[in-house]
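Visitor: What would the 3D arrangement of this be:
(5 chains, ligands or ions: 4)
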Amino acid sequence: MAFYRPARWQNAAVIVSLAMLIALPELLTALDQSYYTGFATRVLIFALAASSLNLVLGFGGMVSLGHAAFFGVGAYVAAICYDAGIHEGLLVLPLAALVAGLFALLVGAISLRTRGVYFIMITLAFAQMTYYLFISARAWGGDDGMPIYERMKFAGLSLLGDEALYYLALGVLALCMLLFARLAQARFGRTVQAIRENETRMEALGYPVFRYRLVCFALGGAVAGLAGALLANLTGMASPNLLQWTQSGTLLVMVIIGGVGYLWGGLVGAVVLLLLEEFLLAWFEHWHIALGLLLIGIVLFAPRGVAALFGKHHG
Amino acid sequence: AGPIKVGFVSTLSGPGAGLGVDIRDGFNLGMQHLGGKLGGLPAEVLIADDQQNPDVAKQATDRFLKRDKVDFMTGIVFSNIMLAVGPAVFQNQTFYISANAGPSQYAGEQCNPFFFNVAWQNDNLHEAVGKVVQDKGFKNVMIVTPNYPGGKDAVSGFKRFYKGKTEEMYTKLGQLDYAAELAQIRAAKPDALFFFLPGGMGINFVKQFVAAGLSRDTQLFAPGFSADEDVIKAVGEPMMGMFNSSHWAHDMDNAENKRFVADFQKTYGRLPSLYASQGYDAALMMDAAVRDVKGNVADKKALQKALEAKRFKSVRGEFKFNSNHYPVQNYYLRAIGKDAQGRVTNKTMGTIFTNHADAYAAQCKMK
Amino acid sequence: MTQLVLEQALNGLQFGLMLFLLAAGLTLVFGIMDCINLAHGSLYMVGAYFVAAAAQAADSFWLGLGAGIAGTAVLGLLLELSLFRQLYRRDHLSQVLATFALILIANESVRLIWGPAPLLLNPPAALSGPVEIAGFFYPAYRLVIIGVGLVVAALLYLLVAKSRIGMWVRAGAANREMTEALGINVRGLFTAVFVFGAALCALAGGLLGPLLAVQVGMGESVLILAFVVIIIGGIGSIRGALVGALIVGTVDTLGRALLPTLLRATLPADAAATLGPALASILIYLLMAAILFFKPQGLFPARA
Amino acid sequence: MSSLLEIRGLEVAYGASQVLFGIDLAMAEGEAATLLGRNGMGKTTTLRALCGLEPVRAGSIRFMGEDITGWRPDRIGRAGIALVPEGRQCFPNLTVDEHLVAFFANRRQVAEPWTPARVYALFPRLAERRRNLGNQLSGGEQQMLAIGRALVTNPRLLVLDEATEGLAPLIRDEIWACLSALRAAGQSVLVVDKYVEKLIALADRHTVIERGQVVWRGSSAELDADHGIWHRYLGI
Amino acid sequence: MADALLEVRALSRRFAAVDALQDVNFSVTPGEVHALIGPNGAGKTTFIHHVSGALRPDSGNIHFAGRDVTRLSMHERVRAGMARSYQITNVFAGQTALDNVALAVQGRPDAGSSFGFWRPVAAERRLFDEASAFLEQVGLGEKAGQLAGHLSHGEQRALELAMALATQPQLLLLDEPMAGTGPEESARMVELIEHLARHVTILLVEHDMDAVFRLADRISVLVNGRLICTGLPDEVRQDAEVRRAYLGDHL
Ligand SMILES: Nc1ncnc2c1ncn2[C@@H]1O[C@H](COP(=O)(O)OP(=O)(O)OP(=O)(O)O)[C@@H](O)[C@H]1O
Ligand SMILES: Nc1ncnc2c1ncn2[C@@H]1O[C@H](COP(=O)(O)OP(=O)(O)OP(=O)(O)O)[C@@H](O)[C@H]1O
Ligand SMILES: [Mg+2]
Ligand SMILES: [Mg+2]
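Guide: Ligands and ions are numbered 1, 2, ... in the order given. Next comes the predicted model:
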């Protein structure tokens, strides 16, 4: 795989989509479908989480099956903050990213000694440990999770309305995507992409490979934490379910559907999967069968993901 | 106005699906008996699967509340999921008729005018077991439960009425193999054992307990749902002789119950479980209240009064609502044995509590 | 006291061998053919359902077991021909996605066919009770599992490590093209291995069904345990899977048995009560992380 | 002399880029032939197509009178063509011993077949390493193993692609000696290598290709006589 | 020899039953081309792995440019001034030749940190100018824009050299640079190495004796993990033991 380079039409497409996304809540209200504002917020948040995994997986080449741990930790930070009376998003969000990032740093420092399937499994193991710890942690609600009865504020502004939270999520996502886009073409991004391709060669060129991978992993974890904090505010709770391995699997599926290593892969995957879920579910009680068949179809016929259908990898 | 809309969110897939499906089937049977109407008005039931995931449940609930604008919500099996969706439902001023989940929070300080539980409070069945074990004079009791808050609640519920010596054993949530625990039980030689292991955990435990030969020396007790028809179907003969507590049994002698049990068997080809009975009651409860307010479900105060009044005949016989909207009802002792046709099933042995309320009602200041 | 220790040791062995039964099929498909099969647990579930359904129909556990294994093997064959054949050459991610999809399909289909409630599967009457050995009672059926586990371990070891078929399979996994050029029909071979793996799944599902619940979703919890086992042992090594299974079995059993008591002796009662079970439930994951920390390729790396 | 191998008009492409444009090559039973050419001219591609490892776009391959075009590689392998591939391709997860035991076959019922023991006699170094895995061998040891692995299938036609690459001079000599011995015993071989002098001594017939086409064909004597060909097509 | 660039003392390494290296003492003086030859499996590649830091010795130590590097990791040794090429071609096949070399330049300590998260690399002219210069040096100037995977075998080997050079090493470790190249490309490679030898010290492992005797200032011979002799090419050529163990009748 070559280094990521954005396609030429991409900037235009991004601006158009952003404009459409900004207008979306108004439109939904006009159509009396404001339920979908909440749904759209969810999609944005999952797009953020999946994109953060895509950074780790697609760019860094680290197949982590424990990403939900960081997502979940972010959610719990938000809930714990609420519990402790910290309601300011400008404080909560960075804190969630920081804690999740530090946790990822710790997990990465141990896990990154292994490779391939061993890495997949050790990240899974850490996520499982986190899951069981939160389940038995009575102070944090254990199995019941921790409620957030009132959404945080942001810069003093209320996020009570669904629209406000939507715009916050949109803003955070846009900023993170901008960061990822820049990062992918900057020195750091090129370094991790090259490491993904050939680790020993990079080592032999004098790169402290471990350090770069670790930073990439932690960065992914931090952004996942951010997404988790947003989600907790949307759903009004942090629950251990967010830490379950199936959640990691879902994020992974989103990235693969979208396109591993494509900047927009995570985002596209989240949109596709959540839309499928939303609408298949309505049509078909046993929608898992349909979803499963669809996923297999993607593997067989569009193995590089949906994003690959639109963009070329070689700029 | 359009039809009366009911949003039914329950666990319909995954390991806990059996429970949700029973509630749904019970509810649907109720609707069928009501001719598809609630309070004489056309009704529509919207069903969604929460996959035993609070996050998914929250989404489905939002969809029902905001997009479909339902008049009632029901269906949830698990307390943690109830706690996740509760705030949104109450904020929307929609009545939630719980057909199973009975978290202590909503019974106590966080009780809410829009929340009704037509089943039981989480601790009740454990309390009932504790009472039986106490009354039967067991001295040395072991408790096995998963290491999570629900488990610890069960222990405290049990101990509220059992005052003797206990030893508690906490297992991993979702554990498969209980050999290590069984060895310790064998060493400890308790005369009775109470377990609260929901779903597959309980099935595994009972099977292994009996295979290890422990049932000879130790009497098994469980809350009713761990010894209900679904579990019996999966375990079979080893269940025989086990005691459990319940507020309902399929052999209860009243006309409503006879009709319910017979029709349920006819429609679905299996014996109903207590979950099914609760789902059925939920439908009847909505029907009676809508009838009471003459279809004017927009009048929330009146609807609340109507619900509190409980004008329907429950399959479990008489009961009424407490100030916290949780039932005050009888709890029965059931034992598992063979019925006349040779089927392994529950048999009602007697009454443990009459008109029993929960321990949290005092903390409830209903607005 | 000695009896308790002895019994717990036997329990550890039994739990370990039970895990080995599950991990065995996985090692074949995953370790040797290098195909991450998340749906391994689903085959185990389907196998258990087949066995349970057949046992009910035939009113005999052993007949049911045979029929269930055969049925799962046929299902395995169909799956291999239609899907897995395409997957071997794909990267791990595609395999993860496709087999994740299979889990969804399998769970839902089983529910569609048998309903959501667990299925009844009891051990043959002769084995349902305990037997007395050296003065204490132990479930007869668990002894059977120990026996079958040991036999399967020995057979697999001979098949994979010593037989020419095993060599071909390993060669085909490492370099399919070259193996074919040397005259080996790798395609057919892989089909056979996959079918064999599916049959092992059904064996495990059928044997464990009477001990555990036959229910939707039974595959997933078990899948993770099986993965832990083969990761600890070193992917692709039958010996590793056996040792890993025994280690996990013993550590988990002893941890559950001893940790709470141990902590109670050292910590305040309250802390011990919460910490003990929490620690016991993550013990095997801790163990796995620790082993991988010191031996990033597992205990018996198959490919140094 | 019966015809062992007959390649006619062979065309092969990697995706859109065509590499072979109609290669013709014929060999008789018991003969030794070579395929020569500079780097990247299509030698390896020709051999891979012969073994069924690359799809043939046009042309035909006949072996022992049978049309084997489009056969799967394992069928071709069993029909009696064994490849010593470029880059050795030993199995990292099989021991040296297993490499030889696993693929030993005597389908033609040769009186004195190549057995693992005979291979060890030929390469004593391998015998010392018999418990090592394929990737725990030095480059040269791997090369010996790749040759041994092909020999134990007792093929009708042995195909060697740069089999002396990375070998020490002494071992290289041993390989040449071994090939001569095989040749003398009636084994048919098709060789790609860069040591033209050695090939002239070993083989009967030579084919030179340039950009996927045959540009010269002739006997050892002819090739030996015309060093212009060496210079023009082989860069020597 | 105090002024040796690379000094290996009593290096030993065992793999299970194989003594791959036994008590090897070896040094490279600045400016020379030092060839290491020996039969297959003698331990040459293993030796290179130890010098470059891919493997750790059981005993013995390695000094480089006056510093003990035995405990340093591979990338630290590269930063100290060592670079290597691989016996099997090892380039980034999906990247252009220019990008390959630019990566090597970027990895150098004097090129600044690679923890740049914002500024696109494409905007860094210096990186690419320098990379182009290295490509020119190995004769790949024309191929800068081609994907490395699409280069011919010989070109890939040259690219590999350019990458090694771009780290600006004091010592270049070359493991069989001629392997798999035809006569023509071998000749070109020999010329290239000859040219490089003017700027950088080289440790060369190679089985092509023509090349070795043409390029080497000194030759060491490794047999079965032991160094049996070190000397000028002519001395080595005459050595009876070397002839018996390795060269045979060649040369
Ligand atoms: N997998 C591939 N995809 C695309 N092109 C390829 C592939 N393999 C080989 N080629 C191209 O096909 C041509 C012929 O390659 P081939 O390997 O057959 O040459 P060769 O004569 O064996 O060379 P050498 O002496 O270097 O081994 C070369 O130009 C090469 O770049
Ligand atoms: N990981 C390993 N485990 C066991 N033995 C090994 C390992 N790596 C190398 N060896 C053995 O060590 C010896 C030295 O190998 P090395 O690759 O250094 O040889 P070499 O001199 O480079 O040979 P060649 O010229 O053939 O490349 C060989 O006999 C090889 O079998
Ligand atoms: Mg070639
Ligand atoms: Mg070497």
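Visitor: Strands of chain C, start to end?
Guide: Remark: strands assigned in chain C by DSSP state E are C:130-133, C:136-139.
Visitor: can the ones you listed go into a markdown table with extra columns for distance to residue A:180?
Guide: For the C-beta atoms, the positions are set from N, CA and C on the backbone; glycine is no exception. Shown next, in a markdown table, are the strands of chain C (distance: least, C-beta to C-beta, whole Å):
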| stretch | distance to residue A:180 |
| --- | --- |
| strand C:130-133 | 61 |
| strand C:136-139 | 56 |
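Visitor: Tell me how many other residues crowd the residue of the stretch 201-315 of chain A found nearest ligand 4.
Guide: The stretch 201-315 of chain A approaches ligand 4 most closely through residue A:204 (16.0 Å), counting by C-beta to the ion. The burial count assigned to residue A:204 is 29, neighbours taken as other C-beta atoms under 10 Å in any protein chain shown.
Visitor: so who does it touch?
Guide: E:52, E:74, E:75, E:78, E:83, E:84, E:86, E:90 (C-beta atoms under 8 Å, 6 or more residues apart in numbering or on different chains).
Visitor: Restricted to helices, list the residues you listed.
Guide: Those of the contacts of residue A:204 mapping onto helices are E:52, E:74, E:75, E:78, per DSSP state H.
Visitor: Quick check: the farthest pair among those residues?
Guide: Using C-beta to C-beta, the pair of the ones in helices among the contacts of residue A:204 lying farthest apart is E:52 and E:75, separated by 10.3 Å.
Visitor: who's more crowded, these two?
Guide: Here residue E:52 and residue E:75 are set side by side on neighbour count (other C-beta under 10 Å), and the busier one is residue E:52, at 23 against 20.
Visitor: Please report how far the more buried one lies from residue E:42.
Guide: Using C-beta to C-beta, to the nearest Å, residue E:52 is found at 17 Å from residue E:42.
Visitor: go on, residue E:3?
Guide: 28 Å.
Visitor: repeat for residue E:95
Guide: Residue E:95 is 34 Å from residue E:42, by C-beta to C-beta.
Visitor: For the chain, give me the ranges with low pLDDT.
Guide: Using chain A here. Along chain A, the parts satisfying pLDDT under 70 run over A:1, A:309-315.
Visitor: that's the wrong chain, I wanted chain D
Guide: Within chain D, the set of residues satisfying pLDDT under 70 comprises D:1-2.
Visitor: again, only this time at 80
Guide: Applying pLDDT under 80 to chain D flags the ranges D:1-2, D:235-236.
Visitor: can you tell me if the longest helix along it touches chain E.
Guide: Across chain D, the longest stretch assigned as helix under DSSP H is helix D:169-184. Yes: judged by C-beta under 8 Å from any C-beta of the partner chain, helix D:169-184 comes into contact with chain E at D:169, D:170, D:171, D:172, D:173.
Visitor: Pull the CA coordinates from that helix and hand them back as CSV.
Guide: Only the C-alpha atoms of helix D:169-184 are listed here, as CSV (Å, rounded to 0.1, in the frame of the first residue of the first chain):
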residue,chain,number,x,y,z
PRO,D,169,31.8,-21.9,-4.7
LEU,D,170,32.4,-25.4,-3.4
ILE,D,171,28.8,-26.2,-3.0
ARG,D,172,28.0,-24.7,-6.3
ASP,D,173,30.5,-27.1,-7.8
GLU,D,174,28.8,-29.9,-6.0
ILE,D,175,25.5,-28.9,-7.5
TRP,D,176,26.9,-28.9,-10.9
ALA,D,177,28.4,-32.3,-10.4
CYS,D,178,25.2,-33.6,-9.0
LEU,D,179,23.2,-32.3,-12.0
SER,D,180,25.7,-33.9,-14.3
ALA,D,181,25.2,-37.2,-12.5
LEU,D,182,21.5,-36.9,-12.7
ARG,D,183,21.7,-36.1,-16.3
ALA,D,184,24.0,-39.2,-16.8
